[in-house]
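Trainee: Compute the structure for the input listed below.
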Amino acid sequence: MTPTTTTTDTGVRRCLSIKNRWNPSRPFYVPLLARAFRPDFSFSEQNSEDALKARRETKTKKTNFKRSADDDDDFLSSSSEGGVTFESEIGQRRYQFCLKTIGQEVRRENPELVELVVTSLLRATECDVARTLHRAQQYFDFYVDVFGKLSFKQTLKDDEQLRKSFESGVLQVLENCDDKGRSAIILLFNRMLPGQTESSGMQMIRMINYIILRTLKNYPTTQKHGIIVIPDMGGFSYENYSFSNGRTNLYVISKFLPCKIHKFCLLRPLYFVKFVLPALKSFVFPGPMSANVHILTQDPRDLLREPINLRAEILPPMYGGTNTSYDFIPRLRGWELEEEETEFSEMGSSNHHNDNNNNNMEEEIGDDKESGFARELFKRQDQFGNDIAMDCARAPSRESNDLNDDDDDFSHNNEEDKTSGGGNFLTSSFDDNNTYDSADDKSFTNKSFEVL
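Mentor: The predicted model follows:
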């Protein structure tokens, strides 16, 4: 996969540029060409709490049917009943397998982003490798389409326009806002500038991408249980509403971002939207997600009641809560400090890499005879398998950015299926109904994922 040279058109810009031409022959006056950019919440639906529970029950039935008297039987049953967790041994093996499937070339471009996306998706799917890799490919295509290359790092420090857009307060986040540790993304329509254009629509997409990635990085519970989207139309006028931007935001959130949507709650809706949205609900939310779409009233305390049930101590008073100390601006400052810490740690890693390169150059500059002797010595050490020191020096771990860790349990799978380049590390789409039992090493590594 070479995302810096091969750009996949995800349709985001075309979705923004399509004008609102209405077709009276369609039911409820659906906009022309809207079906091409219909929101796709299949990932959230297939990994909702009910769907995950149904998959676990199916695995349990299969496990009980195949139960034998071997030593691994109890382990297999318990894993199937409770689902595979990311922190478990099987979860970590699948994490390493996903990284190896994606490939070193892609990981080198933006290792922090790749690891965050894979981690978040594995937690969201209870370590379903097929769904994780398929969604990761969709997100990487989207990232390259929006930012130009996968190596681009989105920061508040380097993007003054992004920082000023957040300071306007149009997009905010409330972390750990319910009993499962989910986060709520709030879009305040009354703080949007009038006369929305394609450039402002792209800026909103960049903001959504940044705020969701930052939240996923800091809150593993949000990775696992999902995000609640709350569009707040209080104080907003219909003249400033942009159908193109609203359609594109739904399209991006549902189809590309590396998270699942738990609920969609429209707060203080315009009267026009309040009466039209129920008629269009089956078109915008055609699947099981429609049961998690709620059109609330003008009272923000609806967020504290069934079926939303957000925590009052987290919500500020403007949303019916008791958190009087809530202020989003200090949150931005905290994110900037996190970016600086990440930058310093990457600089330290880069300096360490440069020191190693300098040491290697000094060794090569030495006497040719000594260099030849050293190379012959290392060659003989490799021949006799005496490479313990090199393995210890590499010391691969999940938190490191070492991209040459070829010693895990799935190395033999990737030796047969190495990538030869191109824009996609998946040669075939995965079956959405295909799930993988959380069995032991041997049964899992023998699965044929048809990746690479």
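Trainee: which stretches of the stretch 301-450 of the chain aren't confidently modelled?
Mentor: Residue ranges of the stretch 301-450 of the chain with pLDDT under 70: 346-450.
Trainee: how about a cut-off of 80?
Mentor: 343-450 (pLDDT under 80).
Trainee: show me where pLDDT drops low in the stretch 151-300 of the chain?
Mentor: Using pLDDT under 80, the stretch 151-300 of the chain drops low at 193-199, 237-244, 272-273, 276-280, 282-283.
Trainee: mind listing the strands for it?
Mentor: Taking DSSP state E, counting those that start in this stretch as the test, the strands found in the stretch 151-300 of the chain are 171-174, 183-188, 227-232, 261-266, 293-295.
Trainee: Relative to D128, tell me which of the ones you listed wins on proximity.
Mentor: D128 lies closest, by C-beta to C-beta, to one member of these: strand 261-266, at 17.2 Å. No exception for glycine: its C-beta is placed from N, CA and C like everyone else's.
Trainee: Pull the closest one out as CSV, backbone CA atoms only.
Mentor: Only the C-alpha atoms of strand 261-266 are listed here, as CSV (Å, rounded to 0.1, in the frame of the first residue of the first chain):
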residue,chain,number,x,y,z
ILE,A,261,-21.8,5.5,16.8
HIS,A,262,-24.0,4.5,19.8
LYS,A,263,-26.8,7.1,19.5
PHE,A,264,-27.8,10.1,17.5
CYS,A,265,-29.7,12.7,19.5
LEU,A,266,-31.1,15.8,17.8
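Trainee: For it, which helices and strands make contact with it?
Mentor: Counting contacts by 3 or more C-beta pairs under 8 Å, 6 or more residues apart in numbering; DSSP states H and E, the secondary-structure elements packed against strand 261-266 are strand 227-232, strand 293-295.
Trainee: Buried residues, it. List them.
Mentor: I261, H262, K263, F264, C265, L266 (16 or more other C-beta atoms under 10 Å).
Trainee: mind listing what the fourth one touches?
Mentor: When you say that, I think you mean F264. I228, V229, F285, M289, N292, V293, H294 (C-beta atoms under 8 Å, 6 or more residues apart in numbering).
Trainee: ok, so what distance separates it from Y210?
Mentor: 20 Å (C-beta to C-beta, to the nearest Å).
Trainee: swap in S200?
Mentor: With C-beta to C-beta as the criterion, S200 and Y210 are 16 Å apart.
Trainee: Settle it for me: which of these two has more neighbours?
Mentor: Between S200 and Y210, counted using other C-beta atoms under 10 Å, the more crowded position is Y210 (20 against 16).
Trainee: contacting residues for the more buried one?
Mentor: With C-beta under 8 Å, 6+ apart, Y210 has these contacts: Q154, L156, L162.
Trainee: cool, V170 as well?
Mentor: Neighbouring residues of V170 by C-beta under 8 Å, 6+ apart: L187, L188, R191, M192, M204, M207.
Trainee: Number of residues surrounding G246?
Mentor: Around G246 there are 18 residues (other C-beta under 10 Å).
Trainee: so how far is P231 from it?
Mentor: For G246, the distance to P231 - C-beta to C-beta - is 8 Å.
Trainee: cool, and R182?
Mentor: For R182 relative to P231 (C-beta to C-beta), the value is 17 Å.
Trainee: of the buried residues of strand 261-266, closest to R55?
Mentor: Checking the buried residues of strand 261-266 against R55 with C-beta to C-beta, the nearest one is H262 at 17.2 Å.
Trainee: my read is G321 is in a helix, agree?
Mentor: No - secondary structure of G321 (DSSP: H, G, I helix; E, B strand; the rest coil): coil, not part of a helix.
Trainee: these two touch, right, it and C177?
Mentor: No - counting by C-beta atoms under 8 Å, G321 stays clear of C177, with 9.0 Å between them.
Trainee: what residues are shared contacts of the two?
Mentor: Common neighbours of G321 and C177 (C-beta under 8 Å, 6+ apart) are L310, R311, I314, L315.
Trainee: Make a markdown table from the residues you listed and add secondary structure and neighbour count to it.
Mentor: Supplementary listing: the shared contacts of G321 and C177 in a markdown table, determined by DSSP: H, G, I helix; E, B strand; the rest coil; neighbours: other C-beta atoms under 10 Å:
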| residue | secondary structure | neighbour count |
| --- | --- | --- |
| L310 | coil | 24 |
| R311 | coil | 16 |
| I314 | coil | 18 |
| L315 | coil | 22 |
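Trainee: Rebuild those as CSV, extending it with distance to A54.
Mentor: CSV is the format used below for the shared contacts of G321 and C177 (distance: C-beta to C-beta, whole Å):
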residue, distance to A54
L310, 26
R311, 28
I314, 30
L315, 32
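Trainee: wait, which of the residues you listed is closest to E109?
Mentor: I314 (36.3 Å).
Trainee: From the contact counts, what lies against the helix or strand harbouring L122?
Mentor: In this structure, L122 sits in helix 111-124 according to DSSP states H and E. When contacts are defined as 3+ C-beta pairs under 8 Å, 6+ apart, helix 111-124 sits against helix 89-102, helix 104-109, helix 129-147, helix 198-218, helix 220-225.
Trainee: Tell me which other helices or strands the first one touches.
Mentor: By that I understand helix 89-102. Counting by 3+ C-beta pairs under 8 Å, 6+ apart, helix 89-102 packs on helix 111-124, helix 129-147, helix 411-416, helix 441-445.
Trainee: Export those as JSON lines, with columns for distance to T58 and mean neighbour count.
Mentor: Shown next, in JSON lines, are these (distance: least, C-beta to C-beta, whole Å; neighbours: other C-beta atoms under 10 Å):
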{"stretch": "helix 111-124", "distance to T58": "19", "mean neighbour count": "22"}
{"stretch": "helix 129-147", "distance to T58": "15", "mean neighbour count": "22"}
{"stretch": "helix 411-416", "distance to T58": "25", "mean neighbour count": "12"}
{"stretch": "helix 441-445", "distance to T58": "17", "mean neighbour count": "14"}
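Trainee: and of the ones you listed, who's closest to N64?
Mentor: helix 441-445 (16.0 Å).
Trainee: Just flag the most distant two among the buried residues of strand 261-266.
Mentor: Every pair of the buried residues of strand 261-266 checked by C-beta to C-beta; the farthest is H262 and L266, at 14.7 Å.
Trainee: Tabulate the contacts of F264 (a markdown table), appending distance to T8.
Mentor: As requested, the contacts of F264 are exported to a markdown table (distance: C-beta to C-beta, whole Å):
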| residue | distance to T8 |
| --- | --- |
| I228 | 29 |
| V229 | 25 |
| F285 | 26 |
| M289 | 25 |
| N292 | 29 |
| V293 | 29 |
| H294 | 34 |
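Trainee: Could you identify the buried members of the residues you listed?
Mentor: Those of the contacts of F264 that meet the buried threshold are I228, V229, F285, M289, N292, V293, by 16+ other C-beta under 10 Å.
Trainee: Just flag the most distant two among the residues you listed.
Mentor: Greatest spatial distance among the buried ones among the contacts of F264 (C-beta to C-beta): I228 and F285, at 14.8 Å.
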